[in-house]
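**Student:** just coords:
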């Protein structure tokens with residue numbers, strides 16, 4: 001009984017890490033509230049090696065990758081900087097691999113194929129307004145926006161992957177979380193330093 005309550009609490013913590021707070025809205029914009037993710041328990045005897053934390057983390061990881069890829073796909077047309085083109089291509093390749101892996105594991109778990117986070121603006125995700133700003137930016141302004149969005153995404157990826165590594169039970173899912181942590185940490189080290197606010 002205590003273990004069941006603890007498991008439910010851990011899932012709630014993971015979901016709050018993804019859905020509890022959205023992006024800071026522009027001044028005058030009402031805050032975005034998001035419902036919790038849908039976590040469907042896996043049927044016993046079919047995919048019983050997945051616990052609710054595994055499913056919640058895979059769903060959130062897939063949703064985050066789906067939101068970042070359109071940003072990275074903009075880069076070749078918006079900048080001629082070879083370092084940024086290379087960096088975006090590397091992160092995009094890792095994101096696509098992670099997305100494919102997460103989808104395969106969700107299918108193995110018998111989880112719903114729909115994205116329970118669709119339309120939610122969560123930490124680490126680029127909003128529709130921010131994507132529009134990226135589409136109109138070039139050069140140094142684009143690079144600053146990209147650095148900020150990538151830093152937010154990678155930092156949040158590490159945060160939720162830590163929850164999966166601590167509380168997940170499915171070996172391949174926990175291993176994916178560890179790999180994402182390693183890759184995100186490496187990508188973070190290659191981003192330009194975060195600018196300090198004036199004053």
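**Tutor:** Cool, got the structure. Everything numeric in this text was worked out from a predicted model, so none of it was measured.

**Student:** how deep is residue 163 tucked in, by neighbour count?
**Tutor:** 22 (other CB atoms under 10 Å). The way it works is simple: take the backbone N, C-alpha and C, and place the C-beta from them, glycine included.

**Student:** Quick check: pLDDT value at it.
**Tutor:** According to the per-residue confidence, residue 163 scores 94 in pLDDT.

**Student:** Roughly how far does it sit from residue 179?
**Tutor:** Distance of residue 163 to residue 179, given as CB to CB, to the nearest Å: 15 Å.

**Student:** And residue 65, by the same measure?
**Tutor:** According to CB to CB, residue 65 and residue 179 sit 13 Å apart.

**Student:** what about the two, which has more around it?
**Tutor:** For residue 65 versus residue 179, the count of surrounding residues by other CB under 10 Å is larger for residue 65: 23 against 15.

**Student:** That one is in contact with residue 98, isn't it?
**Tutor:** Yes. Residue 65 is in contact with residue 98 according to CB atoms under 8 Å; the separation is 5.6 Å.

**Student:** Work out for me the element residue 191 sits within.
**Tutor:** Residue 191 is part of no helix or strand, with elements assigned from DSSP states H and E.

**Student:** tally of neighbours for it?
**Tutor:** Residue 191: 15 surrounding residues under other CB under 10 Å.

**Student:** Leaving out chain neighbours, which residue sits closest to it?
**Tutor:** Nearest residue to residue 191, sequence neighbours excluded (CB to CB, 6 or more residues apart in numbering): residue 147, at 5.3 Å.

**Student:** Next: residue 61.
**Tutor:** residue 102 (4.9 Å).

**Student:** if I look at that neighbour, how far off is residue 115?
**Tutor:** Distance of residue 102 to residue 115, computed by CB to CB: 11 Å.

**Student:** Ok, residue 135 next?
**Tutor:** Distance from residue 135 to residue 115, by CB to CB: 22 Å.

**Student:** Comparing these two, which residue is more hemmed in?
**Tutor:** Neighbours per residue (other CB under 10 Å) separate residue 135 from residue 115, with residue 115 holding more: 16 against 13.

**Student:** The more buried one is in contact with residue 62, isn't it?
**Tutor:** Yes. At 6.8 Å, residue 115 counts as touching residue 62 under the criterion of CB under 8 Å.

**Student:** show me where the chain has helices.
**Tutor:** Shown for the chain, the helices assigned by DSSP state H span residues 2-19, 52-78, 82-109, 128-135, 139-167, 171-189.

**Student:** So residue 190 is in contact with residue 87, correct?
**Tutor:** Yes. Using CB under 8 Å, residue 190 is in contact with residue 87, at 6.3 Å.

**Student:** Between these two, which has more neighbouring residues?
**Tutor:** Ranked by neighbour count (other CB under 10 Å), residue 190 and residue 87 place residue 87 first, with 21 against 12.

**Student:** Against residue 100, how distant is the nearest residue to residue 75 once chain neighbours are set aside?
**Tutor:** Counting by CB to CB, 6+ apart, residue 88 is the residue found nearest to residue 75 once chain neighbours are left out, at 3.8 Å. Distance, residue 88 to residue 100, by CB to CB: 19 Å.
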